[in-house]
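1. sequence first, predicted coordinates after that:
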Amino acid sequence: MSLSLHVLTLLAVLGTTAVQVLAAPLAQCAGYQATNVLQGDSYLVADLALASNCSLYSQDIPNLRLLVEYQTETRLHVLIEDADRNVFQVQERVLPRPSNQNVSAASAALRFNLVKSPFSFQVTRASTGEVLFDTSAAPLIFEWQYVRLRTRLPKNANLYGLGEHSDDFRLPTTNYRRTFWNAESPFIPPGQNLYGSHPVYFDHRGQAGTHGVFLLSASGMDININQTDAGDQYLEYNTIGGVLDFYFLAGPEPAAVSKQYAQVVGLPAMVPYWTLGFQQCKYGWPNVEHVAQVVANYSAAAIPLEVLWGDIDYMNAHEDFSVDPTNFPLPKMQSLVASLHANSQRYVVILDPGIHYRPDYATFQRGAQHSAFLKAADGSWYRGLQWAGEVVWPDWLAAGTQDWWTDEILAFFNNSTTGLDVDGLWTDMDEASNMCGDTTCLNGSPNPAQSPPSNPGPLKGLPDRDLFHPSYRIANHRGDISASTLYTNITNADLTSQYDTHNLYGTMMASATYTALLARRPGIRPFVLTRSTFAGTGRRAAHWFGDNASTWADYRATIRQLLAFASMHAMPMVGSDVCGFNGAAQEHMCARWAALGAFQPFFRNHADISAPSQELYRWPVVAAAARKSIDARYRLLDYLYTAMRCAARDGSPSAKPLWFVYPGDVDTYAVQTQWMLGDALLVSPVVDDDAQSVRLYLPDDLWYDFWTWEAVRGTGGSVTVDGVPWTDIPVHIRGGSIVPMRVRSANTTALVRRENFTVVVAPGVDGTARGVLYLDDGESVDVGDAWSEIGFSWDGARFDAGGVFGYRTDVVVESVVVLGGSGGPRTKTGPWGLGGEFGFVF
């Protein structure tokens with residue numbers, strides 16, 4: 001049995017003496033034995049008793065409980081928890097658990113196989129007997145502050161997910177470690193923990209199918225992927241607490257795993273239509289007049305601008321729910337927002353969790369009255385540093401916090417003359433980021449060490465733990481787990497500790513903000529953008545990939561991050577800071593990034609205060625690239641909106657890797673510079689530094705150039721496209737697809753919605769094609785029956801449109817264009833209304 005990767009790394013640092021000290025205790029860890037096994041038609045329960053003392057990093061938990069549930073035909077739930085149920089588990093209010101349908105084990109796609117002594121288990125695929133998860137390679141360790149479980153993997157495994165990271169999309173299989181501890185991470189460093197924690201991976205085994213494994217744990221952890229000395233492949237969980245709460249997802253199709261995972265963590269929220277437009281932000285805009293000029297400059301450059309964003313510049317002394325009276329006075333800000341709304345444009349502003357600790361600051365006063373803030377051991381407000389200076393932080397688990405937060409949002413972001421009529425909110429610094437770098441910050445203020453309550457209650461966490469320096473040290477790139485964040489010894493209002501809930505903070509802030517916006521405008525879809533995420537955050541918020549850099553490397557990284565979040569983390573509304581946040585954007589790179597961003601769901605240009613301005617109109621070639629790509633994006637808005645609707649309805653990925661579509665094609669498994677946007681469009685940007693050629697992979701299928709409609713026969717090999725102008729991005733329509741597009745673009749999404757459609761039919765190898773178009777009012781939470789889902793089909797000779805026609809619109813289909821054929825595209829001219837079925841022979 002090999003030592004864990006973490007221990008091996010530590011031994012390499014400490015030397016031979018450490019080997020003698022640590023190897024013996026690890027060798028004597030014998031795991032558990034299963035007794036009192038009770039098995040029913042849809043479940044299995046058992047007691048797990050410690051076989052011998054281990055206590056590698058902390059005190060053993062001697063008695064565990066095993067629960068196995070066949071929840072659905074494709075979902076198996078396996079929970080290993082302490083018998084007394086004191087160890088922390090993620091609160092239901094934060095992540096509601098999926099319903100258990102109690103299906104018969106005989107009808108389930110997955111099987112659970114128990115080995116009693118020493119305890120281990122296998123999960124196998126019922127149809128083939130293939131082993132998907134096997135813990136027999138190393139004994140289970142379950143301690144107060146350290147839990148280890150290892151599973152065998154096939155050699156050269158195709159593993160994906162485990163976000164948030166900026167590493168390769170297909171994860172390395174040797175000497176690779178993924179750390180989960182949400183942290184502010186400028187420049188999105190490779191190989192490090194970033195802003196979010198999504199402990200789910202997809203294991204793709206080609207024609208044998210794809211399955212997913214989700215560990216529902218908010219604990220800090222390292223997941224190591226490596227090989228033993230004997231060459232056996234494994235994946236190993238090393239957590240600093242929590243339980244082992246697994247959901248095994250059977251697939252077997254890759255997109256089916258995405259849907260099954262979304263059913264566990266919650267289906268994504270449906271976005272408002274306007275959020276798909278192009279958006280602009282900049283940290284460091286000096287005043288409201290400058291901001292207004294930015295809007296005017298976009299108009300003069302004929303580049304559509306849908307949403308303007310306000311970074312912390314707009315605030316007074318960086319205080320939430322305020323405006324700078326000198327540079328961003330309220331009357332001028334209200335005038336700016338009114339002018340945007342008059343032009344069918346939108347305004348979104350930032351909120352930080354740190355609330356200025358100032359006795360005469362009304363937001364702080366009201367929060368204190370609601371007992372809305374985290375407390376130190378002596379009962380005073382726990383304090384740290386954020387943009388406003390000395391701050392306190394909301395306790396999202398306190399009874400009065402939601403009411404206080406909602407009231408603040410209702411009072412300041414309103415429709416009257418006393419506030420700003422914003423269209424969405426942006427929650428930043430919500431890891432939570434603390435400018436106190438360690439636990440000695442503000443030494444003179446009351447932030448003493450705090451122990452958890454002696455009896456916090458079921459699922460709240462064990463008492464008497466070292467909440468600052470657990471013996472197992474995860475590889476947090478910030479250092480100690482309390483470094484640059486909330487002290488992990490702080491007790492939440494529900495008696496849990498930040499040690500256990502740290503990774504949930506950003507999700508809770510985003511959810512509270514979503515709830516407040518829904519109260520502000522009942523029935524209207526809220527829009528919240530968050531930097532910090534956890535599994536299930538997509539139920540309430542969108543995400544951007546954080547403070548990246550203006551480099552080609554981070555330009556490429558955004559593709560990998562899109563693939564992970566959109567296809568594997570149930571977050572369809574994602575994207576990067578276009579042209580990069582940190583550093584000076586280079587003209588040609590920014591032009592490429594403008595085109596790339598136009599084919600990702602969330603599309604915003606943003607830069608740091610230290611970076612030169614990089615609005616897309618500032619370079620001629622970037623402006624030209626923006627005009628061309630945004631024109632295409634806006635014509636495709638309803639195609640993209642339909643993809644977002646499918647994601648919200650059943651978890652279908654809004655974007656996905658090529659192997660989702662061609663799971664048997666081994667050459668697609670490592671492709672990480674191309675993506676499918678929706679089901680029909682293959683996007684293949686130029687990715688090499690300062691290049692004008694791209695080597696792209698075209699699977700064995702029929703494709704059509706999106707820009708020229710020329711048919712291209714893919715052969716399952718790489719194709720080099722030379723001479724790609726700085727303004728262009730290669731895009732192909734997959735054969736067998738039907739793509740509805742607006743006839744023309746427009747300056748805003750509201751105007752786009754008035755344009756008629758053309759329907760582009762791209763026949764597949766068999767001569768047929770299908771597609772779908774979803775329509776509704778673009779903003780209601782519940783549209784009732786006022787929606788349409790129109791299916792298009794082409795059988796080689798006849799075109800038909802049918803489905804549900806509940807949304808009333810004057811917009812029509814002007815033309816249907818069938819691609820391919822020896823004579824080129826064929827066009828049939830309408831119009832055809834979108835209120836009922838129609839069809840014709842071409």
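-> Yep, that arrived.
2. OK, contacts around Gln260?
-> Residues in contact with Gln260 (CB atoms under 8 Å, 6 or more residues apart in numbering) are Thr72, Thr74, Arg75, Gly212, Leu249, Ala250, Gly251, Gly651. C-beta here means a position set from N, CA and C on the backbone, and glycine is covered the same way.
3. got the domain boundaries for the protein?
-> The chain is divided into the following domains under automatic domain parsing: 31-174+199-252, 324-333+348-520.
4. closest to Ala680 among the contacts of Gln260?
-> The nearest member of the contacts of Gln260 to Ala680, counting by CB to CB, is Gly651 at 18.8 Å.
5. can you give me the neighbour number for that closest one?
-> The number of residues packed near Gly651 is 24, by other CB atoms under 10 Å.
6. and it, backbone torsions?
-> With angles defined as degrees, to the nearest 10, Gly651 sits at phi 90, psi 10.
7. surely it meets Val257?
-> No. Using CB atoms under 8 Å, Gly651 is not in contact with Val257; the gap is 9.6 Å.
8. related to what we said a few turns ago, out of the domains of the chain, which comes closest to Tyr662?
-> Tyr662 lies closest to domain 31-174+199-252 among those, at 10.5 Å (CB to CB).
9. look up phi and psi at Pro601.
-> Reported as degrees, to the nearest 10, the phi and psi values for Pro601 are phi -60, psi -50.
10. ok, it to Trp794 distance?
-> Distance from Pro601 to Trp794, counting by CB to CB, to the nearest Å: 27 Å.
11. ok, Pro331 next?
-> Pro331 sits 57 Å away from Trp794, going by CB to CB.
12. hang on, the earlier thing: which two among the contacts of Gln260 are spaced furthest apart?
-> Greatest spatial distance among these (CB to CB): Ala250 and Gly651, at 14.4 Å.
13. and the nearest residue to Ala680 once chain neighbours are set aside, what pLDDT?
-> With sequence-adjacent residues excluded and distances taken as CB to CB, 6 or more residues apart in numbering, Ala680 is closest to Ser737, at 3.5 Å. What the model reports as pLDDT for Ser737 is 98.
14. likewise the one 5 residues further on?
-> Per-residue confidence (pLDDT) for Arg742: 98.
15. now the one 4 residues further on
-> Among the per-residue scores, Ala746 shows a pLDDT of 98.
16. can you check Gly823 too?
-> Predicted confidence (pLDDT) for Gly823: 85.
17. kindly report the same for the one 3 residues further on.
-> Arg826 is assigned 96 on the pLDDT scale.
18. what's the burial count for Lys282?
-> Neighbourhood size, Lys282 [other CB under 10 Å]: 23.
19. swap in the one 10 residues further on?
-> Under the neighbour criterion other CB under 10 Å, Ala292 is assigned a count of 16.
20. quick one, phi/psi of it?
-> Main-chain dihedrals, Ala292, degrees, to the nearest 10: phi -60, psi -30.
21. check Arg635 too.
-> The phi/psi pair for Arg635 (degrees, to the nearest 10) reads phi -70, psi -30.
22. same check on Arg808?
-> Dihedral angles for Arg808 - degrees, to the nearest 10 - are phi -90, psi 130.
23. and it, how far from Asn756?
-> Going from Arg808 to Asn756 by CB to CB gives 15 Å.
24. okay, those two: which has more neighbours?
-> Using other CB under 10 Å as the criterion, Arg808 and Asn756 rank with Asn756 on top: 17 against 11.
25. quick one, phi psi at that one?
-> Dihedral angles of Asn756 (phi, psi; degrees, to the nearest 10) stand at phi -80, psi 170.
26. any stretches of the stretch 401-550 of the chain with poor pLDDT?
-> For the stretch 401-550 of the chain, the stretches flagged by pLDDT under 70 are 443-452.
27. can you give me the helices in it?
-> Remark: helices assigned in the stretch 401-550 of the chain by DSSP state H, counting those that start in this stretch are 401-412, 498-501, 505-520.
28. likewise the stretch 601-750 of the chain?
-> Remark: helices assigned in the stretch 601-750 of the chain by DSSP H, counting those that start in this stretch are 620-635, 637-650, 658-661, 749-752.
29. out of these, which comes closest to Asp688?
-> Once those are compared by CB to CB, helix 620-635 is nearest, at 16.7 Å.
30. packing partners of that closest one?
-> helix 587-598, strand 737-742, helix 749-752 (3 or more CB pairs under 8 Å, 6 or more residues apart in numbering; DSSP states H and E).
31. so what's the gap between it and the chain middle?
-> Its chain's C-alpha centre and that of helix 620-635 lie 26 Å apart, by CA atoms, centre = their mean, to the nearest Å.
32. neighbouring contacts of that helix?
-> Applying CB under 8 Å, 6+ apart, the contact partners of helix 620-635 are 276-278, 301-304, 587-588, 590-592, 594-595, 597-599, 603, 616-617, 640, 706, 726-729, 731, 741-746, 749, 752.
33. now the angle from it to helix 587-598?
-> Relative orientation of helix 620-635 with respect to helix 587-598: 10 degrees, computed using axes from the mean of the first three to the mean of the last three CA atoms, to 10 degrees.
34. buried residues in helix 620-635, which are they?
-> By neighbour count on 16 or more other CB atoms under 10 Å, the buried set for helix 620-635 is 622-635.
35. what is the nearest of the residues you listed to Val686?
-> Of the buried residues of helix 620-635, the one sitting nearest to Val686 (CB to CB) turns out to be Ala625, at 11.2 Å.
36. quick revisit: more neighbours, Pro331 and Trp794?
-> Remark: of Pro331 and Trp794, Trp794 carries more neighbours, 24 against 10, as counted by other CB under 10 Å.
37. look up how far Arg742 lies from the nearest residue to the more buried one once chain neighbours are set aside.
-> Among residues not flanking Trp794 along the chain, Ala769 sits closest, at 4.3 Å (CB to CB, 6+ apart). According to CB to CB, Ala769 and Arg742 sit 19 Å apart.
38. higher neighbour count, the two?
-> Ranked by neighbour count (other CB under 10 Å), Ala769 and Arg742 place Ala769 first, with 27 against 22.
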